[in-house]
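Novice: Pasting the sequence and the predicted coordinates here, then a few questions.
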Amino acid sequence: MADVSKEIAEKWGLVVDQDRCTGCNACVVACSMENNVPFQGEDNVAFGRGTYWIYNKRVWEGEYPEVAPAFQPVMCQQCGSAPCEPVCPTFASVHSEEEQINLMVYNRCIGTRYCANNCPYHARQFNWQDPDIPEPMNSYLNPDVTVRRRGVMEKCTFCVQRIVGGRQTAADENRPLRDGDVTPACVAACPSGALVFGNLSDPDSRVSQMAANERQYKLMDELGTKPKVTYLKGGGRNGG
Amino acid sequence: MAAETKIFGKTQTAEQEYEDPKEQLMFDPRPREEMNRMVMEMMTTTTKKFWLFFFGLGGGVVVLLFGAWGYMISTGMWVTGLHRPIYWGVFIVTFVFWIGISHAGTFVSAILRVFKSEFRRPFTRAAELMTTFGLAAGALYPLIHLGRVWVFYFMVPYPNARWLWPNFRSPLVWDLLAITTYLLSSTIYLFLPLVPDLAMARDRTTGIRHAAYKVLALGWRGTEAEWFRLKKAIQIFAFAIIPVMFSVHTIVSWDFAVSQVAGWHSTIFGPYFIIGAILSGVSAVVTILYILRSTLKHMDYFLRPEHFDALGKLILVFSFAWAYFFFNDYLLGWYGGEAAVRQLLTAHASGPAAWIWYTMLICNIVVPWLTLWNRKIRRTPWLMFIITLIINVGMYAERFTIIPLTLGHQRTPFDWGVYTPQPIELSIVLGTFCLFTFLYLIMSRLIPLVPVWEVQEGQVAHTLRKVGKAKVPTVTDLE
């Protein structure tokens, strides 16, 4: 088997084009299905305990009545210098050297929720109670992803199971990983192509080229978290 | 010829300001045996009211603390009022509060001992007990607030099958180490000066009590060599525990200060928290002293208005210091001009929960500044009781402002939130208050709450000398 992992160092990244985002929330649903994110129900969501690994932040632009909605899908920004990592007492929030993303070890988590306080993006979710998955809902569960019990934190992993799967497929076919081999659930579900995923260390990948766009900005760049998610500023009336 | 001074239009002569030295404990000695008997009586007298409180508070601990906590463990954290983005609520507020209270013992006992403040003598032990029990109550919270308390030992550095140490970069691990160090050292520091008193109790009791005191007194006979060593040990501990005390609350403040959260990321949090802790701790000492004085037999001999007076001055000074640090924290945060911090400060002062912010300012600044300058107020124990309770309400409000109110108002308006504590949380908080009081109540009948030997030593050292016609109080240096 060829050692393909060395050929291109992996530095996964995501680009969100706000000009294209329509705020349809398909990414939220796809993410929940892919990652066994529990549905919390109306009351919990209203109380602020809805669990989303990706959520669509809606803000209004302009002065009433001339207002237009703007959408900003926010997920874990996979910070290069992540505020959640140093504060965890048990190394449950760790940086993966191979994928260059921030991962969560559920079994190590003791639930101090310090990481969630320290995340400026509020991307981390806490399991306030055990997930309630009645029959036949349990058949939607993804066997590649753990179902988290109460008391642990969880968050977007850039669908690390799909990254691993893509890498294995490429290795099976004895070829290096190509651009487009790995698609997280949110990217696959996005109907308008607002989300683009790929390897940032490959200068020819679509995501690298889009991230160099002049409309690019990082969320709260001034905090020095070095996020791997790049946003493209929107300008149009629809979405944007 | 008495000098005349005018205060508020009233003529006051120097005579009226003069206080009979006999009113002071140090110049009002009683025979040693009588004092020992008084303390023994204090320990062994139990009234109906005592048992009422004993069972009431004990029940409170079982139901309010362990009952509610057990329920929360078995069902999950959803019973709390926490939600995104406010992940820390009254548990951490009360944690900081108790750690603050625990600074009283060290401050009153160790620092005043090092500086040879004589007024400390009758109440060092009462303050040290507060340290130990304040820590016992506070140290529960890092466990209570965990999502999975049953694996709390992942935080403890021990060799394990996973080959993993805890993350020493995390302030929570520093917390664990600092608090256990402080708990251990403050317990030893409580025990050392207790040994001669336990020996005194051993010689005056029979039965089980005698057997227990015999073990605990470590065979104390009161020889010259024993006293020499004990004094040396106390001296070493008094000095050594002061930096430990400073480190503990600094580390608690670093839980907040090392984070990214706007309003927490402040370089002044370390000293600011320490001053706040001492303010609330010394206030709590006065609160407890008043309760001890009005419930324990013979306590009014040992605790006198002079002690409330001296502690009142300390509280006033620390209230000044607290205001200074508060002003520094806020002014520079506002002046720094970061949008999130400015919005946060505006929200604190004018948002829906602004009443908490104003409660803090009124209780911590307005009340002490308006009252404690007055000697008469400082010398009225029940007034001091109320004032110090108010100060601790203010300090609780301070921590509430710093923790949930700050977390709820961060950089993105989309994620702003409001936090309301839920019954289970309040029950647990109330439960730890029961625990603290319950432990204190038990200890008040098990160990001499007044360090008799220290009082006696002080009374030997203090004398009144006649210089001309005036009587001048003098103190012999004992070291």
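Specialist: Looks like it came in fine. Numbers count the residues shown, from 1 in each chain, chains lettered A, B, ... in the order given.

Novice: mind checking the longest helix of the chain?
Specialist: Assuming you mean chain A. The single longest helix within chain A, with elements called by DSSP state H, is helix A:160-172.

Novice: To clarify, I was referring to chain B.
Specialist: Longest helix in chain B, counting by DSSP H: helix B:224-257.

Novice: Moving C-terminal from that helix, which element do we reach first?
Specialist: Next in sequence after helix B:224-257, counting helices and strands by DSSP states H and E, comes helix B:269-295.

Novice: need the next SSE after that next one, C-terminal direction.
Specialist: helix B:299-302.

Novice: Mind listing what's buried along the helix or strand just after that next one?
Specialist: Tracing the chain past helix B:299-302, the next element assigned as helix or strand by DSSP H and E is helix B:305-336. By 16 or more other CB atoms under 10 Å in any protein chain shown, the buried positions in helix B:305-336 come out as B:305-312, B:314-316, B:318-319, B:321-323, B:325-326, B:329-330, B:333. (Each C-beta comes from the backbone N, C-alpha and C, glycine too.)

Novice: For A:D3, report the pLDDT, please.
Specialist: The confidence metric pLDDT takes the value 49 at A:D3.

Novice: Check B:L194 too.
Specialist: Reading off the confidence values, B:L194 has pLDDT 93.

Novice: show me the contacts for it.
Specialist: Applying CB atoms under 8 Å, 6 or more residues apart in numbering or on different chains to B:L194 gives the contacts B:R125, B:L216, B:I447, B:P448, B:P451.

Novice: Same question for B:L292.
Specialist: B:A126, B:M299, B:L303, B:S444, B:L449.

Novice: I'd like to know how many residues surround B:P157.
Specialist: By other CB atoms under 10 Å in any protein chain shown, the residues close to B:P157 number 12.

Novice: how about it, secondary structure?
Specialist: The three-state label given to B:P157 by DSSP: H, G, I helix; E, B strand; the rest coil is coil.

Novice: and B:I386, how far is that from chain A?
Specialist: Noted for B:I386: a distance of 36 Å to chain A, by CB to the nearest CB, to the nearest Å.

Novice: Need the pLDDT of that residue.
Specialist: pLDDT at B:I386 comes out at 96.

Novice: burial count for it?
Specialist: B:I386, neighbours per other CB under 10 Å, totals 15.

Novice: Can you tell me the element it falls in?
Specialist: Assigned by DSSP H and E, B:I386 falls in helix B:381-400.

Novice: hmm, who's touching that helix?
Specialist: Applying CB under 8 Å, 6+ apart, the contact partners of helix B:381-400 are B:90, B:93-94, B:96-97, B:100, B:276, B:279-280, B:283-284, B:286-287, B:289-291, B:293-294, B:305, B:308, B:311-312, B:315, B:319, B:356-357, B:359-364, B:367-368, B:371-372, B:377-378.

Novice: By proximity to chain B, which residue of chain A wins?
Specialist: Distance from chain B to each residue of chain A (CB to the nearest CB) is smallest for A:G111, at 1.9 Å.

Novice: What residues does that residue make contact with?
Specialist: Counting by CB under 8 Å, 6+ apart, A:G111 has contacts A:F126, A:G151, A:V152, A:M153, B:M77, B:L146, B:G147, B:R148, B:V149.

Novice: Could you do B:A340 as well?
Specialist: Residues in contact with B:A340 (CB under 8 Å, 6+ apart) are B:A262, B:G263, B:Q410, B:R411.

Novice: switch to 10 Å and redo it
Specialist: Contact analysis of B:A340 by CB atoms under 10 Å, 6 or more residues apart in numbering or on different chains lists A:P120, A:M220, B:V261, B:A262, B:G263, B:H409, B:Q410, B:R411, B:T412.

Novice: Who wins on neighbours among the contacts of B:L194?
Specialist: That'd be B:P451 among those, by other CB under 10 Å, with 25 neighbours.
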